[in-house]
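1. predicted model and sequence below, questions to follow.
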Amino acid sequence: LSFLGEASSSRFDLVALSTCNNGTPEMASLLRPIADYLLASPWNLHLSHLDTGQLAQLEAEGASTYEVSRALAEETFRRLSGSLQTAVTLALYDLEKTAGYIDRLAGLHREYRKQNNPDLHRENRDCAALPFFDAGKQEFTEGVEVWYKPARFGDRASVRIHSGWGCK
């Protein structure tokens with residue numbers, strides 16, 4: 001994030017990451033000081049073909065960043081889930097709402113990686129599958145809106161829900 005400079009007060013309304021495996025606790029923690037929302041995929045979904053047509057809403061008076069971000073996510077999800085046979089996972093993170101827990105979640109993930117030495121070259125897993133993430137408590141879900149369609153084949157075909165967080 002050094003491109004903003006050390007003493008920058010610049011903020012982004014929305015950061016959309018159009019690469020795989022970037023809906024992570026670490027990425028959200030890093031972007032929280034400079035962005036309001038993050039649109040990313042926690043799994044292996046390349047978003048270089050993000051549907052940007054909804055950006056026209058920015059010219060409409062009264063359109064909020066949340067509304068535009070959500071419209072971008074919904075339109076992209078609709079198109080991708082209609083044409084892909086692999087899993088489609090997209091998440092919109094309200095970085096203000098995740099502020100109460102995101103540094104803790106990122107720290108838990110760093111500690112898990114240090115102790116378990118996962119292969120960092122493999123794609124992410126749903127953080128909810130890891131022992132530090134108690135999905136039943138829903139303590140790491142506030143401010144995370146997930147669009148998910150399971151794969152039609154393979155080892156992830158039986159996975160019906162996704163937490164929105166990707167971990168190694």
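-> Thanks, I have it.
2. OK, contacts around the spatially most central residue of the chain?
-> With distances taken as CA atoms, centre = their mean, Gly23 lies nearest the centre of the chain, 3.0 Å away. Applying CB atoms under 8 Å, 6 or more residues apart in numbering to Gly23 gives the contacts 17, 38, 40-43, 89, 91, 93, 124, 164-166. Any C-beta I mention is one placed from the backbone N, CA and C, and that applies to glycine too.
3. remind me which helix or strand it belongs to.
-> Under DSSP states H and E, no helix or strand contains Gly23.
4. check it and give its pLDDT.
-> Gly23 carries a pLDDT value of 96.
5. what of the one 10 residues further on?
-> According to the per-residue confidence, Pro33 scores 95 in pLDDT.
6. look up how far Lys168 lies from it.
-> Distance of Pro33 to Lys168, given as CB to CB, to the nearest Å: 23 Å.
7. quick one: low-confidence parts of the protein?
-> By pLDDT under 70, the low-scoring segments of the chain are 1-9, 47-48, 58.
8. what residue of it is the furthest out?
-> The chain, CA atoms, centre = their mean, max distance from centroid: Glu61 (27.4 Å).
9. tell me which element it is part of?
-> Glu61 belongs to no helix or strand, assigned by DSSP H and E.
10. what does the one 5 residues further on give?
-> Following DSSP H and E, one finds Tyr66 within helix 65-83.
11. tell me where the protein has strands.
-> For the chain, the strands defined by DSSP state E cover 12-16, 35-40, 88-94, 125-126, 144-149, 166-167.
12. can you say which of the ones you listed is nearest to Arg113?
-> Across the strands of the chain, Arg113 has its closest neighbour in strand 166-167 (8.1 Å, CB to CB).
13. could you report the separation of Gly100 from Asp119?
-> 31 Å.
14. could you dump the strands of the chain into JSON lines with mean neighbour count and distance to Ala157 added?
-> Shown next, in JSON lines, are the strands of the chain (neighbours: other CB atoms under 10 Å; distance: least, CB to CB, whole Å):
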{"stretch": "strand 12-16", "mean neighbour count": "17", "distance to Ala157": "28"}
{"stretch": "strand 35-40", "mean neighbour count": "23", "distance to Ala157": "23"}
{"stretch": "strand 88-94", "mean neighbour count": "25", "distance to Ala157": "13"}
{"stretch": "strand 125-126", "mean neighbour count": "19", "distance to Ala157": "14"}
{"stretch": "strand 144-149", "mean neighbour count": "19", "distance to Ala157": "11"}
{"stretch": "strand 166-167", "mean neighbour count": "26", "distance to Ala157": "18"}
